[in-house]
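J.: Need coordinates for the following:
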Amino acid sequence: MSAVTGIDHVQLAMPHGGEPHARRFWVDLMGLEEVAKPAHLAVNGGCWFAGEGIAIHCGVEDAFLPARRAHPALLVNDLAKLVARLGKAGIRFKPGKDLDGYIRGDIADPFGNRIELMQKV
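T.: Take a look at the predicted model:
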């Protein structure tokens, strides 16, 4: 029996001052809601987002470098519709290699972090 029971959230790094870009991406394009950070953590900057079964924390990193290999894989219910919305905002989608039971591909957040999008089929 595993001691791990789930994932509470995924933290993605961003540079100082990236909060407006994170909000546009995660709220306006990805459809999540911003949730307030506890006051004692908010002093460090960054922002938190949540949706059905998902929590994304964007944290400020001093020597920021985007994660191009390590990534979250997010389940979506209509990949084609989301890809179209992202494309209108200038976000490029790269189709992924075949994986039984999924259609999938990659995008990058506003800071260059890799995000995999997956739809069960």
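
J.: so what's the nearest residue to Glu61 once chain neighbours are set aside bridging to?
T.: Across the structure, with CB to CB, 6 or more residues apart in numbering as the measure, the residue nearest Glu61 apart from its sequence neighbours is Ala13 (4.0 Å). Heads up, the C-betas are built off the backbone N, CA and C, glycines and all. Beta-bridge pairing for Ala13 (DSSP bridges): Gly59.

J.: do the same with Gly105
T.: Pro95, Leu117.

J.: Kindly confirm whether my reading is correct that it touches Lys94.
T.: Yes: here Gly105 reaches Lys94: they are 5.4 Å apart, a contact under CB atoms under 8 Å.

J.: which one of those two has more residues nearby?
T.: Neighbour comparison, Gly105 and Lys94: the larger count goes to Gly105, with 18 against 10 (by other CB atoms under 10 Å).

J.: who's in contact with the more buried one?
T.: With CB atoms under 8 Å, 6 or more residues apart in numbering as the criterion, the residues that contact Gly105 are Leu79, Val83, Phe93, Lys94, Pro95, Gly96, Glu116, Leu117.

J.: Would you mind measuring from the fifth one to Val76?
T.: Distance check for Pro95 against Val76: by CB to CB, to the nearest Å, it reads 14 Å.
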